[in-house]
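Student: Okay, predicted coordinates and the sequence, questions at the end:
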Amino acid sequence: MSWIPFKIGQPKKQIVPKTVERDFEREYGKLQQLEDQTKKLQKDMKKSTDADLAMSKSAVKISSDLLSNPLCEQDPKFLEMVMALDTAMKRMDSFNQEKVNQIQKTVIEPLKKFSGVFPSLNMAVKRREQTLQDYKRLQSKVEKYEEKEKTGPILTKLHQAREELRPVKDEFEAKNKQLLEEMPKFYSSRINYFKPSFESLIRAQVVYYTEMYKIFGDLTEQIDEPGLTDEQRQKENEAKLNELRALSIVADD
């Protein structure tokens, strides 16, 4: 969000102290940054959960495709391994869906609701700015009559201008005071608001990866061939690949 004050003629009198204006700009700037960060975090969390779901769905599809592969019909041992893989992938997908649902409920939705507060805040700042411009315009009008020769008609107009200025001045000061008091409170509230969400995010991740450790531990026990290291398996695969390369139908011309 951005805040661009209206451009008007400035009165000679400094109606808002520079220190007050600096305080206002500082506090509102912090909220502008908070809004941008909240929107970015919400967008990144949505991308993350979408990617998580896509990953587990793809894993389930791969195991399902393997089950329909003719190799499974010809090799009972291979079929048993793929069935174990398919069961593990489906369990993973189920836990992943639970994790994503939890994150959606306890993290993404609260982020969305928090972002929904900023339009009202921005409107309050806009109303304050509009009132300030009215205040400056009327103050300039008063100053114009104060500089003129004090004739009867001028004094009447000066009185009218001051009467017109008074309620606008009071309205601006009230709006300004309220915002200066409440903007820091709003900014400080972010910690207590988001802390439960991030605690829930951590718990969801811990539960998910704890279950993944169990699932893949069980899978390893079902498909692992004891006594073989990864290096030995790699050598076996390379030897079998060399046998295939030796066939005339794949030999180089």
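Tutor: Perfect, I can see it now. Numbers count the residues shown, from 1 in each chain.

Student: What ranges in the stretch 101-250 of the chain fall below the confidence cut-off?
Tutor: Across the stretch 101-250 of the chain, the ranges flagged by pLDDT under 70 are 225-228, 250.

Student: where exactly do the helices run in it?
Tutor: 109-115, 118-147, 152-223, 230-245 (DSSP state H, counting those that start in this stretch).

Student: would JSON lines of those helices with mean neighbour count and distance to Lys30 be doable?
Tutor: To be clear about C-beta, it is placed using only N, CA and C from the backbone, and glycine gets the same treatment. Output for these, formatted as JSON lines (neighbours: other Cβ atoms under 10 Å; distance: least, Cβ to Cβ, whole Å):
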{"stretch": "helix 109-115", "mean neighbour count": "16", "distance to Lys30": "15"}
{"stretch": "helix 118-147", "mean neighbour count": "16", "distance to Lys30": "12"}
{"stretch": "helix 152-223", "mean neighbour count": "14", "distance to Lys30": "5"}
{"stretch": "helix 230-245", "mean neighbour count": "10", "distance to Lys30": "52"}
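
Student: Phe95 is nearest to which of the ones you listed?
Tutor: Ranking the helices of the stretch 101-250 of the chain by proximity to Phe95 (Cβ to Cβ) places helix 152-223 first, at 4.8 Å.

Student: Pull the distance from the closest one to the chain's centre.
Tutor: Relative to its chain's centre, helix 152-223 lies at 13 Å (Cα atoms, centre = their mean, to the nearest Å).

Student: tell me what that helix is packed against?
Tutor: When contacts are defined as 3 or more Cβ pairs under 8 Å, 6 or more residues apart in numbering; DSSP states H and E, helix 152-223 packs onto helix 18-67, helix 76-103, helix 109-115, helix 118-147.

Student: the inter-axis angle of the first one versus helix 118-147?
Tutor: Okay, so that is helix 18-67. Orientation of helix 18-67 against helix 118-147 (axes from the mean of the first three to the mean of the last three Cα atoms, to 10 degrees) gives an angle of 160 degrees.

Student: Between the helices of the stretch 101-250 of the chain, which one is closest to Ala84.
Tutor: Smallest distance to Ala84 across the helices of the stretch 101-250 of the chain (Cβ to Cβ): 4.3 Å, for helix 152-223.

Student: Distance to Asn192 added to the helices and strands packed on helix 152-223, as TSV?
Tutor: Below are the helices and strands packed on helix 152-223 laid out as TSV (distance: least, Cβ to Cβ, whole Å):
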stretch	distance to Asn192
helix 18-67	14
helix 76-103	20
helix 109-115	12
helix 118-147	18
